[in-house]
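Trainee: need a 3D model of the following:
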Amino acid sequence: MSNVIGMNEFVGMANGDSHCWLCQKPVSTRALFCHHCGTIQPVRDIDHFARLGLERRIDIDIELLERQYAALSRTLDPQRFLIRGVGERGHAVKQLEILNEAYETLRDPLRRGRYWLLVNEKTFKDEVAANPLANELREELNNASAASQCDRVAQRAGYALEQGIMNLMQALRGEDWQAANKTLAELDGVEGILDEVRGRRSSLTPDEEGRAPEGI
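Mentor: Next up, the predicted model:
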């Protein structure tokens with residue numbers, strides 16, 4: 001049996017998990033609306049996968065994610081709640097906010113990896129050796145005096161980030177939690193380099209940028 005949640009489960013399916021804030025009738029924890037009185041429900045504590053109607057797994061169907069998100073976004077369009085009461089409008093705003101957060105988390109493989117460790121309660125801090133590549137890139141960036149040099153650092157860091165994400169996904173699929181946490185720590189260092197590149201590049205004067213390649 002498929003674990004993918006159908007849209008009907010978001011708009012009804014009372015199973016006694018929770019109660020409607022207005023009519024106090026039982027509703028599903030996943031329900032957006034009470035199937036008794038039709039009022040939108042407050043945000044409840046469910047994971048991002050369930051909120052978007054997806055099977056709970058590290059590898060997700062991106063096309064399904066996009067379809068579910070688009071459908072739920074239309075359902076939560078603020079224009080639909082203009083004539084509703086203050087309580088319902090407030091719940092609709094919060095539901096849309098958490099929906100957007102869930103979507104942004106699951107669509108990005110790095111954020112999804114972090115979240116996967118969190119929901120599986122496998123996030124832990126361990127002693128991680130300094131990332132040699134991050135240190136090398138930082139030194140190269142500190143010596144950069146032109147935009148083109150910054151761009152070379154960014155290119156290397158971007159490639160390292162892509163490779164690191166692939167390693168992270170492999171570790172998570174194999175439930176090698178220690179390797180996954182170590183890889184995340186290394187990715188933090190690489191992401192930090194990319195942030196530093198943006199800051200360094202913006203600090204260069206026009207004269208220092210004079211030899212930057214066109215289109216950069």
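Trainee: quick check: R89 touching F81?
Mentor: Yes. The pair R89 / F81 is scored as a contact, 4.9 Å apart, by CB atoms under 8 Å. Heads up, the C-betas are built off the backbone N, CA and C, glycines and all.
Trainee: where along the chain do the strands fall?
Mentor: If DSSP state E is used as the criterion, the strands of the chain fall at 18-19, 26-27.
Trainee: could I get the ones you listed as TSV with mean pLDDT?
Mentor: Converted to TSV, the strands of the chain look like this (pLDDT from 0 to 100):
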stretch	mean pLDDT
strand 18-19	90
strand 26-27	94
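Trainee: compare the ones you listed and give me the one nearest D108.
Mentor: strand 18-19 (29.6 Å; CB to CB).
Trainee: who does that closest one pair up with?
Mentor: Here strand 18-19 has these sheet partners by DSSP bridges: strand 26-27 (antiparallel).
Trainee: which residues touch the residue lying closest to L117 once chain neighbours are set aside?
Mentor: Nearest residue to L117, sequence neighbours excluded (CB to CB, 6 or more residues apart in numbering): T123, at 4.5 Å. Going by CB atoms under 8 Å, 6 or more residues apart in numbering, T123 touches 114, 117, 181.
Trainee: among these, which are located in helices?
Mentor: The helices, defined by DSSP state H, take in 114, 117, 181 from the contacts of T123.
Trainee: pretty sure the second one sits against A180.
Mentor: Yes. Contact between L117 and A180 holds when scored by CB under 8 Å: they sit 6.2 Å apart.
Trainee: give the buried residues for stretch 170-181.
Mentor: By 16 or more other CB atoms under 10 Å, the buried positions in stretch 170-181 come out as 171-172, 177, 180-181.
Trainee: and the furthest pair within these?
Mentor: L172 and N181 (10.3 Å).
Trainee: okay, now the domains of the protein?
Mentor: 8-107, 132-203 (automatic domain parsing).
Trainee: relative to C20, how far out is H35?
Mentor: Applying CB to CB, to the nearest Å, the value for H35 to C20 is 9 Å.
Trainee: try F81
Mentor: 16 Å.
Trainee: neighbour-wise, which of the two wins?
Mentor: C20 (21 against 17; other CB atoms under 10 Å).
Trainee: contacting residues around the closest residue to the more buried one other than its chain neighbours?
Mentor: Once flanking residues are discounted, C20 sits nearest to C34: 4.0 Å by CB to CB, 6+ apart. Contact analysis of C34 by CB under 8 Å, 6+ apart lists 20, 22-23, 25, 27, 41.
Trainee: ok, of these, which come out buried?
Mentor: 20, 22, 27, 41.
Trainee: can you put those in TSV and add distance to N143?
Mentor: Output for those, formatted as TSV (distance: CB to CB, whole Å):
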residue	distance to N143
C20	63
L22	64
V27	61
Q41	56
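Trainee: now the two most distant members of those residues.
Mentor: Going by CB to CB, the pair spanning these furthest: L22 and V27, at 10.3 Å.
Trainee: which residue, other than its chain neighbours, is closest to the most centrally placed residue in the chain?
Mentor: Residue closest to the average C-alpha location in the chain (CA atoms, centre = their mean): T105, at 1.3 Å. Leaving out its chain neighbours, the residue that sits closest to T105 by CB to CB, 6+ apart is R111, at 4.8 Å.
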